[in-house]
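Trainee: I need the structure of the sequence given here:
(2 chains)
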Amino acid sequence: MIKLIFRFREMLLVIIIAILLAVFSTRAPGFAKPGNLANIFNDSSILIILALGQMTVILTKSIDLSVAANVAFTGMIVGMLNATYPDVPLPAIILVALFIGAILGAINGLFVWKLNIPSIVVTLGTLTIYRGMAFVLSGGAWVNAHQMTEPFLQAPRHLFLGLPVLGWAAIIIVTVMYLVMSRTFLGRAIYASGGNPTAAVYAGIDVGRTRFFAFVISGTLAGLCGYLWVSRYAVAYVDIAAGFELDSVAACVIGGISTLGGIGSVAGAVLGALFLGVIKNALPVINISPFSQMAISGAVIIAAVIFNARQERRRGRIILRDRGASEQIEVVV
Amino acid sequence: MSTVSEKRHIPDQLGTSASRLFASWETFLLCVAVLIFIANSLASPYFLNAWNLSDATFNFTEKALIAFAMALLIIAGEIDLSVAAIIALASTAMGAAAQTGVGTFGIVLIGIGVGLGCGTVNAILVAGLRLPSIVVTIGTMSLFRGISYIVLGDKAYGGYPASFAYFGQGYVFWVISFEFVLFAVSACIFAVLLHATNFGRRIYAIGNNEFAARFSGIHVERIKFILFMLTGLMSGIAAVCLTSRLGSTRPSIAQGWELEVVTMVVLGGISILGGSGRVGGVVIAGFVMGLVTFGLGLLNVPGIVMSIFIGLLLIATITLPILIRRFRYGRAS
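Mentor: As a prediction, this is how the structure comes out:
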């Protein structure tokens, strides 16, 4: 039984999160009440959506470090759009956010697909470019709450069955991503091109193209988060979501998504994001300085990487460790 | 670190040494540096002045110190994204030591020691536990800087002894600063280490084919271990220089430097896929980046816009050789 639980990373994470909640509620009664749990979920929604985008990219053996900069750039555009043209309806604004996010993701994807440049280099470059563009666009100015319209600000806050629309947005994205990853050709191609690129090519999958679409998905979700972030916090400025790219990677790594590609699940990414969300919400409750959050997530990332590596290694015996060789080992789960 | 395997073109015969010299990346880079130099002196009347040029070197000397070690690491096929965070932690430790009245010598020793210690942590995780360096160093980046945030919060350390200022502000001879001498000496040491020793050849061997290197009796892990320690050590030395130059420590010190260091290395002609590149290229790349940022500074361009240029520079320098190769050899890849 215990072995079974450890086999299923997701179950283990659920248990850890439950233990965390139990421990925190002994220190702060009411921490585990449904109302507060809904709050924590709502707080983690943006990270969940970003982590799903990041997961798609990591599954194809790439990484997208530009997601947070994408959020900042798209957020700035929709914020300024709403402030300058208050008549533009909300659905149009959301479409603009999705579209711009997709374009930014496609730029990353094109470099990775057409020029074969390692994704870490491309996105390290575009990370500064996108955020810099947000500065150029705004001239460093902020878009404040009073400049934005009511529907723009209120949309994610509407309560529906006790959960704000923001939380529902995350649930919808999780469902869609689950269906895409498990039920569509693209989803299976994403797993295949990360799990064993050579075999994927022989199976008729264009690995480069699949990576491109993974980046487009990641960019589109980041664009959506751009709108959600700006309307949730009611402010748009250059530095929003600074460092969030690391949180999204952390959520994936904690959720058991292998950075070598091909291994991971939607549930894992969601639970990884929730794990970080619970810790983030608990720190002030148990009187730990919010400044320690960065170190904690760093330590958790390292612990998760060590844990993942041990799990992955158990699956096959390798005489000489080599990434090329380990790729050849077929993993049957 | 990367998954991209690029087909290498093998020419029928190697060019003569003169033609190879002219066609080399370093020559191209040197021309770029001269052009930027001329452009700068045309753009600003204050540029061509011995003291001004001496000031300009401060823009890159500290980053270049790290870039030399990072170059070796990238040639060996690994990467360290935690270098800027190591600076933050080392600087925080030096600040704390200065508060308790430790003398200049002790402060320097602590700074370098902490750098070396952080490098050893990375080394143990990557070379010892054989984890992927990108994710590990993203984790330690968050951890190291997170620790300085825990220690400092929103405060700052100051009050370094007067003699400590020499490392960042002192001049050895006329306009030649201590930092510049350190830069030049390190460049020579690293050039000899990489190009004239057994150790250097082994680094190339690992970067080109880790599998073959292992079969050739090279202690791959031991060399990677040393390289990560070396990168930590150089980050510690850079932390001493930067802290001494600024005279104060905040947890956000050297934010984003990991990107600039990687850019400098890649701009210097070191292949991000590992296995090729020379120290001389990194030296010239240091000058190019220093001149670009300094020139833009003279033209009153804000820092975040400069970072756009750095991002573009990074992507362009990687894209151009690939496009040129395609143009010359057809679309073989």
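Trainee: ok now do A:A83, which residues does it touch?
Mentor: Taking Cβ atoms under 8 Å, 6 or more residues apart in numbering or on different chains, we find A:A83 in contact with A:143, A:147-148. C-beta: built from backbone N, CA, C; applies to glycine.
Trainee: buried ones in the host helix or strand of it?
Mentor: Counting by DSSP states H and E, the element that carries A:A83 is helix A:67-84. By 16 or more other Cβ atoms under 10 Å in any protein chain shown, the buried positions in helix A:67-84 come out as A:67-83.
Trainee: okay, A:A192: pLDDT?
Mentor: Confidence at A:A192, expressed as pLDDT, is 93.
Trainee: tell me the contacts of it?
Mentor: A:199-200, A:203, A:205, A:210, A:262.
Trainee: most surrounded residue in those residues?
Mentor: Tallying neighbours with other Cβ atoms under 10 Å in any protein chain shown puts A:T210 at the head of the contacts of A:A192, with 27 neighbours.
Trainee: please point out which parts of whichever strand or helix holds B:E62 sit buried.
Mentor: If you go by DSSP H and E, B:E62 is part of helix B:61-75. Judged by neighbour count (16+ other Cβ under 10 Å), helix B:61-75 contains these buried residues: B:61-75.
Trainee: where do the strands sit along chain A?
Mentor: A:159-160, A:163-164 (DSSP state E).
Trainee: that older thread, what packs against the helix or strand following the helix holding B:E62?
Mentor: Counting by DSSP H and E, the next helix or strand C-terminal to helix B:61-75 is helix B:83-99. Contacts defined by 3 or more Cβ pairs under 8 Å, 6 or more residues apart in numbering or on different chains; DSSP states H and E place helix B:83-99 against helix B:104-123, helix B:133-152, helix B:220-246, helix B:257-267.
Trainee: out of those helices, nearest to A:Q154?
Mentor: Nearest to A:Q154, of all the helices and strands packed on helix B:83-99, is helix B:133-152, at 34.1 Å by Cβ to Cβ.
Trainee: pLDDT below threshold where in the chain?
Mentor: Picked chain A for this. By pLDDT under 70, the weakly predicted segments of chain A are A:1-7, A:312-333.
Trainee: actually chain B
Mentor: B:1-23, B:330-333.
Trainee: go through the contacts of A:A83 and name the one nearest chain B.
Mentor: A:V143 (17.0 Å; Cβ to the nearest Cβ).
Trainee: bridging residues for that closest one?
Mentor: Counting by DSSP bridges, A:V143 forms beta bridges with A:A236.
Trainee: tell me how many other residues surround it.
Mentor: 22.
Trainee: and what of B:I218?
Mentor: Look at B:I218: counted by other Cβ under 10 Å, it has 18 neighbours.
Trainee: that one contacts B:G207, correct?
Mentor: No. Using Cβ atoms under 8 Å, B:I218 is not in contact with B:G207, being 11.3 Å away.
Trainee: count of residues packed around B:G159?
Mentor: Per other Cβ under 10 Å, the neighbour tally for B:G159 reads 11.
Trainee: contact partners for the closest residue to it other than its chain neighbours?
Mentor: Distances taken as Cβ to Cβ, 6 or more residues apart in numbering or on different chains put B:A98 closest to B:G159, at 6.0 Å, once the chain neighbours are dropped. Contacts of B:A98 were listed using Cβ under 8 Å, 6+ apart, and they are B:107, B:157, B:159-161, B:164.
Trainee: tell me the one among the residues you listed nearest to chain A.
Mentor: B:Y157 (14.9 Å).
Trainee: who's that closest one bridged to?
Mentor: Going by DSSP bridges, B:Y157 forms beta bridges with B:T249.
Trainee: so who does it touch?
Mentor: By Cβ under 8 Å, 6+ apart, the neighbours of B:Y157 are B:92, B:94-96, B:98-99, B:248-249.
Trainee: greatest separation within these: which pair is it?
Mentor: B:A96 and B:S248 (12.9 Å).
Trainee: ok, those two, which is more surrounded?
Mentor: Using other Cβ under 10 Å as the criterion, B:A96 and B:S248 rank with B:A96 on top: 17 against 13.
Trainee: quick one: the more buried one and B:A84, what's the gap?
Mentor: Separation of B:A96 from B:A84 (Cβ to Cβ, to the nearest Å): 19 Å.
Trainee: next one: A:L65
Mentor: Taken as Cβ to Cβ, the span from A:L65 to B:A84 is 14 Å.
Trainee: contacting residues around A:L228?
Mentor: Neighbours of A:L228 in contact, by Cβ under 8 Å, 6+ apart: A:45-46, A:49, A:156, A:166, A:169.
Trainee: tell me which of those is nearest to chain B?
Mentor: Among these, A:I46 lies closest to chain B (Cβ to the nearest Cβ), at 18.6 Å.
Trainee: quick check, the closest one in contact with A:R232.
Mentor: Yes. In terms of Cβ under 8 Å, A:I46 counts as a neighbour of A:R232; the distance is 7.3 Å.
Trainee: looking at those two, which one has more neighbours?
Mentor: For the pair A:I46 and A:R232, the greater number of neighbours falls to A:I46 (29 against 19), based on other Cβ under 10 Å.
Trainee: ok, A:L104 - contacts?
Mentor: Applying Cβ under 8 Å, 6+ apart, the residues near A:L104 are A:66, A:70, A:73-74, A:126, A:130, A:219, A:222-223.
Trainee: the residues you listed into a markdown table, with extra columns for distance to A:G101?
Mentor: Below are the contacts of A:L104 laid out as a markdown table (distance: Cβ to Cβ, whole Å):
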| residue | distance to A:G101 |
| --- | --- |
| A:S66 | 11 |
| A:N70 | 6 |
| A:F73 | 9 |
| A:T74 | 5 |
| A:T126 | 13 |
| A:Y130 | 10 |
| A:G219 | 5 |
| A:A222 | 5 |
| A:G223 | 2 |
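Trainee: so which of those also contact chain B?
Mentor: A:T126 (Cβ under 8 Å from any Cβ of the partner chain).
Trainee: between the contacts of A:L104, which is nearest A:A18?
Mentor: Of all those, A:A18 sits closest to A:A222, with 30.0 Å by Cβ to Cβ.
Trainee: what number of residues lie near that closest one?
Mentor: Neighbourhood size, A:A222 [other Cβ under 10 Å]: 38.
Trainee: who in the stretch 101-250 of chain A is up against chain B?
Mentor: A:111, A:115-118, A:120-122, A:124-129, A:131-133, A:135-136, A:140, A:197, A:238, A:246, A:249-250.
Trainee: for ChimeraX, what selects the buried ones among these?
Mentor: Buried subset of these, written as a ChimeraX selection, criterion 16+ other Cβ under 10 Å:
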select /A:111,115,116,117,118,120,121,122,124,125,126,127,128,129,131,132,133,135,136,197,238,246,249,250
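Trainee: that older thread, let me know the closest of the contacts of A:A192 to B:S133.
Mentor: Using Cβ to Cβ, the contacts of A:A192 come closest to B:S133 at A:G262, 19.1 Å.
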